[in-house]
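Novice: Provided below for reference: sequence and predicted model.
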Amino acid sequence: MTATASREEQLWSRCAGCASLLYRKRLRRNLDVCPECGEHARLGAPERLRQLVDPGSLCPLPDRLPEADPIGFVDVLPYPHRLTGARASTGLAEAVVCATATIGGHPVALAVMDFRFLGGSLGCAVGELITRAAERALDDRTPLILITASGGARMQEGVLSLMQMATVSQAIAALREAGLLTISVLTDPTYGGVAASFATNTDLVLAESGARMGFAGPRVIRQVTGRALPEGFQTADFLLRHGQVDMVVQRRSLRGRLVALLAASRAGRPA
C-alpha cells in the first residue's frame, strides 16, 4: 500500500451499522455518530471525557498500581505481555480512566472504562482505580459518574477479578449512605460482572442509544436455553421498556442530560 493510499484510508471510516463510507472529520464533528443511520461508534475513554467535561477542568487521578499477575496466567501469550500490548496500543495504563472535573460547572468524579484495553475487562487494578474514584467523590462530597464499556471480569486474574464486583459495589454503597448522587452511563457493550454489579447499582442508570447490556451475550443465552430471543434483546430501548435502565440518551444529548441531573441533585441538597 502506498503512503498516499494509506492517508486516504485515514480520511474515511465505514459505518458498522449501515456500511456508509463517512468522511472521518464529519464523523468526529458528529461525536462519532453516523449521520446516515445514527449508529453510535465506540469511543475511547479520552475522547469520551473530551466530549463531556468542561474544557480545562479535567484532573486525572493517579493510575499507577503495582504490577500484578496473580495466577501466572498464560494462553498464547503470558498475561504481562498482553498488558504491555494493550498499553502500547491505547496509550492507557489500564482499562479505566479516573478523574475529577466539572460538567456544566458542577464538580464530579468520573470513572470511564475503555473497551479497547483488553475488552474493558474488570481486573484488580480496574477495581482499585474505580474504588479510589468513589472514595475521592466521598471525600470531596461530589457525585460519581461511571461510564461503562466492558466484556466483564478479566479471566487472566481468576476469582480475584470477580471480587472487584463486590469491592466497587461497596464503594458505591458508601456514597449512597452519604447521600451523594451516583450515575452510571451504559455504553456498548456492557456485559458480564460489570453489568451484574456496579453498572446497575447506582442511583440513576442511563444507557447511550444503541448500547447493549447483559450478563451473557445473546448467542450464549440462545445456546443454553434453546429458545429464540425477543426482538432487540439486550439493547438500550429493550432495557428501558423492561425497567432495567432509567433513560436512553442520544450521545449529542448526554452532556446536557448530565448537567440537568447534577443541577437537580445540587438543588435538592439541604443547605
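Specialist: Thanks, I have it. Residues are numbered from 1 along each chain as shown.

Novice: Can you give me the distance of Cys37 to Ser253?
Specialist: 18 Å (CB to CB, to the nearest Å). No exception for glycine: its C-beta is placed from N, CA and C like everyone else's.

Novice: next one: Ala228
Specialist: 33 Å.

Novice: who does the longest strand anywhere in the chain touch, helix- and strand-wise?
Specialist: Criterion DSSP state E: the longest strand present in the chain is strand 182-191. Using 3 or more CB pairs under 8 Å, 6 or more residues apart in numbering; DSSP states H and E, the elements in contact with strand 182-191 are strand 144-150, helix 159-177, strand 204-208, strand 213-214, helix 251-267.

Novice: who's in contact with Arg14?
Specialist: By CB atoms under 8 Å, 6 or more residues apart in numbering, the residues touching Arg14 are 20-22.

Novice: got it, and Thr200?
Specialist: By CB under 8 Å, 6+ apart, the residues touching Thr200 are 184, 213, 244.

Novice: quick one: which of those residues is most hemmed in?
Specialist: Ser184 (26 neighbours; other CB atoms under 10 Å).

Novice: so what's that one scoring on pLDDT?
Specialist: Looking at Ser184, its pLDDT reads 98.

Novice: partners of it in the sheet?
Specialist: Assessed by DSSP bridges, Ser184 has beta-bridge partners Leu146, Val205.

Novice: just checking, it touches Ser197?
Specialist: No: counting by CB atoms under 8 Å, Ser184 does not reach Ser197; the two are 10.5 Å apart.

Novice: hang on, isn't Cys34 packed against Gly17?
Specialist: Yes: with contact defined as CB under 8 Å, Cys34 counts as touching Gly17 (5.9 Å).

Novice: So the two - more neighbours on which side?
Specialist: It is Cys34, of Cys34 and Gly17, that has more neighbours when counted by other CB under 10 Å, with 20 against 15.

Novice: next one: phi and psi at that one?
Specialist: With angles defined as degrees, to the nearest 10, Cys34 sits at phi -60, psi 120.

Novice: Could you measure from it over to Leu21?
Specialist: Cys34 is 11 Å from Leu21, by CB to CB.

Novice: Which parts of the stretch 51-200 of the chain are helices?
Specialist: Counting by DSSP state H, counting those that start in this stretch, the stretch 51-200 of the chain has helices at residues 79-90, 124-140, 159-177, 192-195.

Novice: In this protein, which residue is most central in space?
Specialist: For the chain, Thr148 is the residue whose C-alpha lies nearest the centre (CA atoms, centre = their mean; 2.2 Å).

Novice: Pull the contacting residues for that one.
Specialist: 113, 120, 184-187, 190, 194-195, 199.
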